[in-house]
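Student: sequence unavailable; structure follows:
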């Protein structure tokens, strides 16, 4: 069984480079087309999708529903798959955030894994609730694990980036510049990958 993680299709705030976080922004026209193209790409890659899970946020859920309609697979919303809560930063571009909240931004940047965004959460917070969601998904999909089928999870950029940051032993402060999480593109992880990432999650960061 493979786990296919997908960031939602494009929104107008993606285009404007505004931080979305928990703000519920819908797909734009291009985002809808990206979701349709995702279906085509999954077919080309012979994905054998048996289950589809999604964040509750409309940009992810709409993307999931387009794929679900194509594959005739129902979409289940799972708490914990939603985008990082970026608190005071939401609705602004990163340049605006640095200008409006210089002290808060500097503190967050100094240890992005453990420091919370004002009125938001840290990457560690995000990862811990994400793995609670994964535990539920793996338990539900237990019968499919050894059958060669795939699970599709529609989520968000910071969610996927945080996973890959741990997987690749990157620095949370700079990983955004290394990892490019494109809209509506599947990233494949195996169950063993998730287990290894989860082990790193609870390994206390030093230095």
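Tutor: In hand now; what should we look at? Keep in mind it's a predicted model, so treat the numbers as computed, not measured.
Student: going by C-alpha atoms from here, please, whenever you check contacts or count neighbours.
Tutor: Fine.
Student: and stretch 97-113, how far from the chain's centre?
Tutor: Relative to its chain's centre, stretch 97-113 lies at 22 Å (C-alpha atoms, centre = their mean, to the nearest Å).
Student: so for it, what gets flagged as buried?
Tutor: When burial is assessed from 16 or more other C-alpha atoms under 10 Å, stretch 97-113 yields the following buried residues: 97, 104-105, 108-109, 112-113.
Student: next one: stretch 117-132
Tutor: For stretch 117-132, by 16+ other C-alpha under 10 Å, it's 117-118, 120-127, 130-131.
Student: next one: stretch 13-23
Tutor: Going by 16+ other C-alpha under 10 Å, stretch 13-23 has these buried residues: 13-14, 18-22.
Student: hey, where'd the strands end up in this structure?
Tutor: Taking DSSP state E as the test, the strands found in the chain are 2-7, 49-54, 75-77, 150-155, 186-190.
Student: make a markdown table from the ones you listed and add distance to residue 32 to it.
Tutor: Shown next, in a markdown table, are the strands of the chain (distance: least, C-alpha to C-alpha, whole Å):
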| stretch | distance to residue 32 |
| --- | --- |
| strand 2-7 | 13 |
| strand 49-54 | 16 |
| strand 75-77 | 17 |
| strand 150-155 | 14 |
| strand 186-190 | 16 |
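Student: would you mind saying which of those lies nearest residue 164?
Tutor: Proximity to residue 164 (C-alpha to C-alpha) singles out strand 186-190 among the strands of the chain, at 9.9 Å.
Student: so how far is that closest one from its chain's centroid?
Tutor: Counting by C-alpha atoms, centre = their mean, strand 186-190 comes out at 12 Å from the chain centroid.
Student: what sits up against that strand?
Tutor: 1-7, 38 (C-alpha atoms under 8 Å, 6 or more residues apart in numbering).
Student: note down every partner strand of it and its orientation.
Tutor: Next to strand 186-190 in the sheet, as set by DSSP bridges, lie strand 2-7 (antiparallel).
Student: give me the buried positions along the strand it pairs with.
Tutor: Buried-residue list, strand 2-7, by 16+ other C-alpha under 10 Å: 2-7.
Student: got it, and stretch 87-97?
Tutor: 87-93, 97.
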